[in-house]
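Student: need the 3D shape of this:
(2 chains)
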Amino acid sequence: MSHKLFQRIRWCCMALTVAVIICANIMALRNPPGGSGTSAPVFVIPAAIVFVVLTGRLVCGFLCPLGLFQDVLWKINEILHLSKFNRKEKFMKLVNLFAKILLGFFLCGMTANLLIFVFRPDMMQGGRFPVFVPVIAGPVMLFLNIIARRFFCNVCPIGSFIGLFEKLNLFRLKKNVSSCSMCGACYEACSMRIKSIYTETEKKDVTTSMCIFCGECIKKCPEDGALSMTVAGKEIYSSSRNDFEDSQVENLPGKKEVAGK
Amino acid sequence: MSKANETGKFQERYLDKSRRIVSKYLQELENLPGAPEEFEYFKGILKEVFIENKPVVYDENETFVGSFCVMMPQELVYAAGARPLRLCSGNYVGFHIGDYMTPRDVCPLVKSVVGNTASGINGIYDACGMFVVPLTCDCKKKLAGKLSEFKDTVPLYVPFNKTDDEGMETYIQEMKSVVEKISKKTGVKVTRESLAGQIRIMAEVQKEIRRFIQLKDSGEILIRGSHAMAIMNTLAYDHIQHWGAHLKKLNDELLKRKEEDAYLTKKKLPRILLTGSPVAFPNLKIPLLIEEQGGIIAGDETCLGDRGMLDPVSVCDNSLEGYYRALANRYVKPCSCPVFPDNQQRIRRLEKMVNEGHIDGIIYHVLRGCLVYDYEYLAVEKYFTEKGIPVIRVESDYNEEDVEQLRIRIEAFIEMIKFRYKGTSENRNF
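Tutor: Numbers count the residues shown, from 1 in each chain, chains lettered A, B, ... in the order given. Okay, the predicted model is just below:
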């Protein structure tokens, strides 16, 4: 699979999910479901299990509508050449800690909801979400996402939750250590700032619970087959020097010059 | 006799001797059969630089910036409106002058650079408006101090630990300040567009370099390693675009040879991987000896040779800052220079080259006093001996006195490789 094809599939998948969600909402508005809507968990829970176990955080890179929103914001940044925020190692340590705290809140909330749902269904009222949270967090996140690619994914509690089951996923990121030149391009490209993908020198499997399978690292890897993505052990997408050279020249701005005078 | 007259005489003698040595090695390159036609161009550059004693000038108003090592990105120098010259020298005469100005155990390359600069009669050194010295090994660090006695010299910090992000950040900041200094000299500011243009040109040239290495190292012999090393050496003195255009022609010629089945020899020769200290023109005695003794250099892991140019710049972010980061990553992280404390990646790279180039033996070149390469020899030897690839360490200096001794050792090594596979089931009958 070429870099272009992979990225196209990714964008199409994300666009499709957004379309499906919009359609579903319109349909729901037109014919409001009868009953109390308590049947939702019957579909949601198995679907969630399938996604969490089989695809893992591939959902973040391929399906998440918020992911699409962030990617669009980043495209705007790239087109307008706005300044970019460099997420340093120390900063990422804080961000990861914050993500863990958010995950903790998320898990507590979910458990509480589940308990209420099971034991006191009559108390299932529309949640009273504190308004100040989106009012403050929204603009901050919007700003951070414009200057740093996929910043929300770094702290997303749902993403971190799915990441907990990383070991079960069928999708894996593999590294061929012997062809890796350790140029650090993957680390530079990674919007989740996963360093181990660059420093790993022994293990073949470099999937981490943070990885959202956006494919940027494979796209920027200049070595043949050094990084690849596999599904159940079968390789679907891997780095290649020829592809790299083409995309590299294409991505650089300005008019095309031929080497040599 | 007046003093000026005396220096004049000294200079003449210096140049005479230097030219004699350069002519000798150029002659040896010529005597080696099988040079492609396009090799004339690259030989012309060496002639212009070492015999005419002046840099190759394409534009009268060019400012030259002399740099050392791979850690000073050439793209930045071009983008700042200057022409980079890589000054790591192999000049024997410069070495003898530098010998008086440096401690005994300093490596000959640095002695030669000091000698060339101090004597003030070396064309390419005099043409430079400034020097940029990346602080890599100990000798280069002190070189930065020594050179500042003669010319405007800017040291460039290089992180000691490649995986340390903070070090890389410092390196990027230092790179920017060096570029600012070059810009001050030339009056050209580095912009996003100009740097992108240079990165693209380098990417195009790198494509050709990769093609060249693939043609040269895989399978049958299309070009001799000594010629290839001389060609890679000329990049240090030529303008990247001109050089790239001629390398393209050379590649086309090699491809034609391949298609016509016009290989240099049908015989199987012991395939040698040359690694270790830099091999700078005219100090080509080791590659020449290897090929004279019936070996073929099928892999070149020296920093003035293939290694320095193989890795491409991977741009992740199209902004000026992003370009700086991409350049910093490319010129430090994949670099297998032994100045970095943990250098397992060098062994991995060597192993890859051994597998891809079907290497029969490794010749590990150590310049006398080049401590870091010498240090790593043990690890390399241990690793490859276990894999069944013979490794030999050859130490040399910048003079012609050790040639005979080197010849005996290299001859014995190549004979040993030939003998090793005699009568074995492996298809390696030399």
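Student: if I look at the residue nearest to B:Lys54 when sequence neighbours are not counted, how far off is B:Cys69?
Tutor: Distances taken as CB to CB, 6 or more residues apart in numbering or on different chains place B:Gly123 nearest to B:Lys54, at 4.1 Å, with adjacent residues excluded. The C-beta positions use only the backbone N, C-alpha and C, and glycine is treated the same way. Separation of B:Gly123 from B:Cys69 (CB to CB, to the nearest Å) stands at 22 Å.
Student: wait, doesn't B:Leu135 sit right on B:Pro159?
Tutor: No - using CB atoms under 8 Å as the test, B:Leu135 is too far from B:Pro159 to be in contact (10.0 Å).
Student: residue contacts, the residue nearest to B:Lys54?
Tutor: B:Val49, B:Glu52, B:Asn53, B:Lys54, B:Pro55 (CB atoms under 8 Å, 6 or more residues apart in numbering or on different chains).
Student: and the nearest residue to the first one once chain neighbours are set aside, how many neighbours?
Tutor: With sequence-adjacent residues excluded and distances taken as CB to CB, 6+ apart, B:Val49 is closest to B:Tyr237, at 4.8 Å. B:Tyr237 has 22 neighbours, counted by other CB atoms under 10 Å in any protein chain shown.
Student: residues in contact with the helix or strand of chain A with the lowest mean pLDDT?
Tutor: Every helix and strand of chain A was ranked by mean pLDDT, DSSP states H and E. The lowest is helix A:40-50, at a mean of 75. Under the criterion CB under 8 Å, 6+ apart, residues A:Phe117 lie in contact with helix A:40-50.
Student: and for stretch B:50-63?
Tutor: Here stretch B:50-63 has contacts from A:261, B:15, B:18-19, B:22-23, B:45, B:48-49, B:64, B:81-83, B:85, B:91, B:121-124, B:127, B:129, B:182, B:185-186, B:237-239, B:242, B:281-282, using CB under 8 Å, 6+ apart.
Student: in contact with residue 154, which residues?
Tutor: Unless you meant another one, I'm taking chain A. A:Arg87, A:Met92, A:Val95, A:Asn96, A:Ala99, A:Ser191, A:Met192, A:Arg193, A:Met210.
Student: think we crossed wires, I meant chain B
Tutor: B:Met130, B:Phe131, B:Val132, B:Val133, B:Val178, B:Lys181.
Student: determine which two of those are furthest apart.
Tutor: B:Val133 and B:Lys181 (12.6 Å; CB to CB).
Student: so B:Gly357 makes contact with B:Asp217?
Tutor: Yes - between B:Gly357 and B:Asp217 there is a contact at 4.5 Å, judged by CB under 8 Å.
Student: mind checking the SS state of B:Met175?
Tutor: helix (DSSP: H, G, I helix; E, B strand; the rest coil).
Student: just checking, A:Lys204 touches A:Lys175?
Tutor: Yes - in this structure, A:Lys204 is within contact of A:Lys175 by CB under 8 Å, at 6.4 Å.
Student: pick out whichever of the two has more residues nearby.
Tutor: A:Lys175 (26 against 10).
Student: average pLDDT across stretch B:327-342?
Tutor: Taken as a whole, stretch B:327-342 has a mean pLDDT of 90.
Student: how far does that stretch sit from its chain's centre?
Tutor: Centroid displacement of stretch B:327-342 relative to its chain, using CA atoms, centre = their mean, to the nearest Å, is 15 Å.
Student: got it, and stretch B:196-203?
Tutor: 21 Å.
Student: buried ones in that stretch, by neighbour count?
Tutor: B:Ala196, B:Gly197, B:Gln198, B:Ile199, B:Arg200, B:Ile201, B:Met202, B:Ala203 (16 or more other CB atoms under 10 Å in any protein chain shown).
Student: which residues sit against it?
Tutor: A:245, A:248-249, A:252-254, A:256-257, A:259, B:74-76, B:78-79, B:240-241, B:244, B:312-313, B:315, B:318, B:323, B:326-327.
Student: can you report how many residues neighbour B:Val133?
Tutor: 26.
Student: pLDDT below threshold where in the chain?
Tutor: No chain was given, so I picked chain A. For chain A, the stretches with pLDDT under 70 are A:32-41, A:123-129, A:254-261.
Student: switch to chain B, please.
Tutor: In chain B the weaker segments, taking pLDDT under 70 as the threshold, are B:1-4, B:423-430.
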